[in-house]
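**Student:** would you be able to build a 3D model of this:
(2 chains)
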Amino acid sequence: NAGVTQTPKFRILKIGQSMTLQCAQDMNHNYMYWYRQDPGMGLKLIYYSVGAGITDKGEVPNGYNVSRSTTEDFPLRLELAAPSQTSVYFCASSTWGNRADYGYTFGSGTRLTVV
Amino acid sequence: TQLLEQSPQFLSIQEGENLTVYCNSSSVFSSLQWYRQEPGEGPVLLVTVVTGGEVKKLKRLTFQFGDARKDSSLHITAAQPGDTGLYLCAGAKNTDKLIFGTGTRLQVFP
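**Tutor:** The predicted structure follows:
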């Protein structure tokens, strides 16, 4: 049972380059999320999706884009990489019941460095 | 605006000691979760509490949800080096996403 799979695990980008962080889940979860975690800090929500074809901004969406064409996949796109985007990126998914009794399943993260 | 404040921010203790981590808010949550994150990995769900005053035990870990559903605590008895990690609380407010706390980094030395 793979859960949430993120690729790549590590990446170094030059300023101005673009890349896509991949996230796939095999649990048939409707809800998916992208977070960034800066060193020693908590999680900041970038974008999230409540189902295929539906996406919404989190608290730090600037410089990122997402799409959700299938239930399984939720890629995160960086168009013009900046040093401020150096971080560890986590994808998560959830079934999200009415009382939010269902926790998030996280991937193992992508460590991105922009130089 | 950070709705969930955790304390302490850092905790460094010897193996065998007890500790408590607090998660506080001025807002009411429908449920609250605790996660543990080990270095190089994503957070892993430990427990969900949904009823005010609820207490749940997971081996040496005891979780409590405040009566007013605004706060929570995590107590670890006889801490072990394997408990080392970042502990995150997260609250749900009947919307479609969790609100994560500021985190408590625990280091347990042998």
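**Student:** apart from its neighbours in sequence, what residue is nearest residue 29?
**Tutor:** The chain I'm using is chain A. Counting by CB to CB, 6 or more residues apart in numbering or on different chains, residue A:29 lies nearest to residue A:93, which is 3.9 Å off, once chain neighbours are set aside. (Each C-beta comes from the backbone N, C-alpha and C, glycine too.)
**Student:** wait, chain B was what I had in mind.
**Tutor:** Distance criterion CB to CB, 6+ apart; nearest residue to residue B:29, sequence neighbours excluded, is residue B:91 at 3.7 Å.
**Student:** hmm, residue B:26 and the one you found touching each other?
**Tutor:** No. Using CB atoms under 8 Å, residue B:91 makes no contact with residue B:26, being 11.5 Å away.
**Student:** neighbour count: these two, which is higher?
**Tutor:** Legend: neighbour count by other CB atoms under 10 Å in any protein chain shown for residue B:91 and residue B:26, higher for residue B:91 (24 against 9).
**Student:** what ranges in chain A fall below the confidence cut-off?
**Tutor:** A:1, A:96-101 (pLDDT under 70).
**Student:** does the residue most central in space within it count as helix, strand or coil?
**Tutor:** Nearest residue to the geometric centre of chain A (CA atoms, centre = their mean): residue A:34, 2.7 Å. Of the three states, residue A:34 takes strand under DSSP: H, G, I helix; E, B strand; the rest coil.
**Student:** next up, the contacts around it.
**Tutor:** By CB atoms under 8 Å, 6 or more residues apart in numbering or on different chains, the contact set of residue A:34 is A:21, A:23, A:45-48, A:58, A:64, A:66, A:74, A:76, A:89-91.
**Student:** around chain B, which positions in chain A sit nearby?
**Tutor:** Within chain A, the positions near chain B by CB under 8 Å from any CB of the partner chain are A:4, A:31, A:33, A:35, A:40-43, A:45, A:48, A:50, A:58, A:90, A:92, A:96, A:98-109.
**Student:** pull out the buried members of the residues you listed.
**Tutor:** Among those, those classed as buried by 16 or more other CB atoms under 10 Å in any protein chain shown are A:4, A:31, A:33, A:35, A:42-43, A:45, A:48, A:50, A:58, A:90, A:92, A:96, A:100, A:102-107, A:109.
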